[in-house]
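*Asks:* Sequence and predicted structure are below.
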Amino acid sequence: MVDCDVRVHKINRTTAALIGNIVQKVDIGGSYSALIEAYHSPMGNSQFNRYPMKIGPISMCEFLNDYWGDYYGYVVQFIENIAKPGECPFTARSYQVKDWIMDSRLLPPYVSTGLWRMMWSAWDNQTGDVFTTEIVFKVYDDGHF
């Protein structure tokens, strides 16, 4: 369903960014559902606890209509042809991630400091095809990650 070679790239000694390519091999529409879950490690030692903040399970079209608009502005400047809010189904395409420096405004202000793991799973309810993406990041006292 998806090929991904996105990796962390150091821009300078204090700033890291994401760079790489994502290839979406299939059209994604109403038959797909998704779930985003968060896990927190307050001590930063990779002992993660499930956090009550999550999205879904929800259909991809419902996600694009109801939630994607909140995040789209933070993503489109780094991934030009990303699906627009309300665009469903969205067709198979390639995405180029260009020096995406994560913005702390992506997360609610009450998110705790420490190590975080976000897991995004999506599946086709008709065929049973599944993909999962895991992102691990650290939130610092000053709100940066």
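*Replies:* Here it is on my side, so go on.

*Asks:* rest of the way, CA atoms for contacts and neighbours
*Replies:* Will do.

*Asks:* Let me know whether my guess that G69 is in a helix holds.
*Replies:* Yes. G69: assigned to a helix according to DSSP: H, G, I helix; E, B strand; the rest coil.

*Asks:* The nearest residue to it once chain neighbours are set aside: what's it in contact with?
*Replies:* Excluding its sequence neighbours, the residue lying closest to G69 (CA to CA, 6 or more residues apart in numbering) is P85, at 5.2 Å. For P85, the contact set (CA atoms under 8 Å, 6 or more residues apart in numbering) comprises L64, N65, W68, G69, Y72.

*Asks:* separation between I55 and D129?
*Replies:* I55 is 20 Å from D129, where distance means CA to CA, to the nearest Å.

*Asks:* for D66, same thing?
*Replies:* 24 Å.

*Asks:* Please check which residues sit opposite T132 as beta-bridge partners.
*Replies:* S121 (DSSP bridges).

*Asks:* Could you report the pLDDT at it?
*Replies:* pLDDT recorded at T132 is 92.
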